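Enquirer: sequence unavailable; structure follows:
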């Protein structure tokens, strides 16, 4: 085993290691599996040979794992306590880059949900699945760094185990790129957006909110989301938050407040070759034609996993209504992501319905931010 390169992101160490993945002494190693979880050849076969048939037997009981998803078994006789089996795409099957992103994120989310502190993974899909090595390295390193930067995670150590010198070169280039840019990249985006929001969207005085409550301040987020830099930063930050949730295929929100959010996220996704769809929710159905609630429905399919975007959440009433409309139209809402949480019960109301809630900022951060 040879350590090639190492960086620290927040308090998590990310390493490139030249060596045998099956010898990694961590909470879990990652197996680049096929959907039927039959571990006959390559690294998968080596994992079963070294860890024992218990790994294959547990995989047989699981039965099937779709592309972009991850499942877990014990590690048998391996030094690693568990094996996370993730299914990456075969090059040529379509939408490969987005599927690889989902595979990486699904793996990291599962490790985090289990409370693992250490994880080792190979170059998913870059072997017999034929994924181009340079793009594989860019996606795996990029999504891993983004995941660690943008959420509180139990992971304190992530190792990329590689053998091929060309692959090591590509991973090293990506690690160096993040090292040269510096760790505060996401933090700088967030700080800059907060400054724009405070300058353009925050106003003190006497106001009556949509909920009927009185307030000594008012936030008009559209002044920020329609500002060129504000729109770009909103799309970039929200996109990363969306991609922390596995299998999301579309983002939407109530028109007109969420229109710039949806557009900025979809455009940023496309700039990363990620075909994330967008849709608008009308406040009332069209009174003519097809009487639609949803604009952009031809880009969607029934049952797809979606995220609702919101600019400001107060009590959560309008957010829950948007979620219910999307659900009633046949889409599976997984989460709501907002620019700002006013801390007036919205988060709790949304989470009580079983949905994930995330916000970029809360009202205390905004009010106390100095220009």
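Expert: Arrived safely, thanks for sending. Keep in mind it's a predicted model, so treat the numbers as computed, not measured.
Enquirer: the helix or strand that contains residue 16: partners in the sheet, and parallel or antiparallel?
Expert: In this assignment (DSSP states H and E), residue 16 forms part of strand 12-18. Using DSSP bridges, strand 12-18 pairs in its sheet with strand 2-9 (antiparallel), strand 157-162 (parallel).
Enquirer: C-terminal to it, what's the next element?
Expert: With DSSP H and E, the next secondary element past strand 12-18 is strand 28-33.
Enquirer: who does residue 161 bridge with?
Expert: residue 17.
Enquirer: tell me the spacing between it and residue 368.
Expert: Distance of residue 161 to residue 368, computed by CB to CB, to the nearest Å: 44 Å. The way it works is simple: take the backbone N, C-alpha and C, and place the C-beta from them, glycine included.
Enquirer: look at those two and report which has more neighbours.
Expert: Taking residue 161 and residue 368 together and counting by other CB atoms under 10 Å, residue 161 has the greater number of neighbours (23 against 8).
Enquirer: tell me the pLDDT of that one.
Expert: Note for residue 161: predicted pLDDT of 97.
Enquirer: cool, residue 184 as well?
Expert: For residue 184, the predicted pLDDT is 43.
Enquirer: again with the one 5 residues further on
Expert: The predicted local confidence for residue 189 comes out at a pLDDT of 84.
Enquirer: nearest residue to residue 208 in space, please, no chain neighbours.
Expert: The spatially closest residue to residue 208, leaving aside those adjacent along the chain, is residue 214, at 6.1 Å (CB to CB, 6 or more residues apart in numbering).
Enquirer: the one you found: neighbour count?
Expert: 8.
Enquirer: dump the residue contacts of it.
Expert: 206, 207, 208 (CB atoms under 8 Å, 6 or more residues apart in numbering).
Enquirer: who's in contact with residue 3?
Expert: 15, 16, 17.
Enquirer: now do the second one against residue 370, distance only.
Expert: So the one you mean is residue 16. From residue 16 to residue 370 the distance is 40 Å (CB to CB).
Enquirer: what about those two, which has more around it?
Expert: A direct count of neighbours by other CB under 10 Å for residue 16 and residue 370 places residue 16 higher, at 23 against 5.
Enquirer: residues contacting the more buried one?
Expert: 3, 4, 5, 6, 159, 160, 162, 168, 171, 172, 175.
Enquirer: make TSV from these and add distance to residue 228 to it.
Expert: Formatted as TSV, the contacts of residue 16 follow (distance: CB to CB, whole Å):
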residue	distance to residue 228
3	43
4	40
5	36
6	37
159	40
160	36
162	40
168	40
171	34
172	35
175	32
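Enquirer: out of those, which is most surrounded?
Expert: In terms of neighbours by other CB under 10 Å, the contacts of residue 16 top out with residue 160 at 28 neighbours.
Enquirer: tell me where the stretch 151-300 of the chain has helices.
Expert: For the stretch 151-300 of the chain, the helices defined by DSSP state H, counting those that start in this stretch cover 165-181, 185-200, 222-225, 228-242, 259-271.
Enquirer: may I see those organised as TSV, with distance to residue 341 added?
Expert: What follows is those, written out as TSV (distance: least, CB to CB, whole Å):
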stretch	distance to residue 341
helix 165-181	29
helix 185-200	13
helix 222-225	15
helix 228-242	13
helix 259-271	15
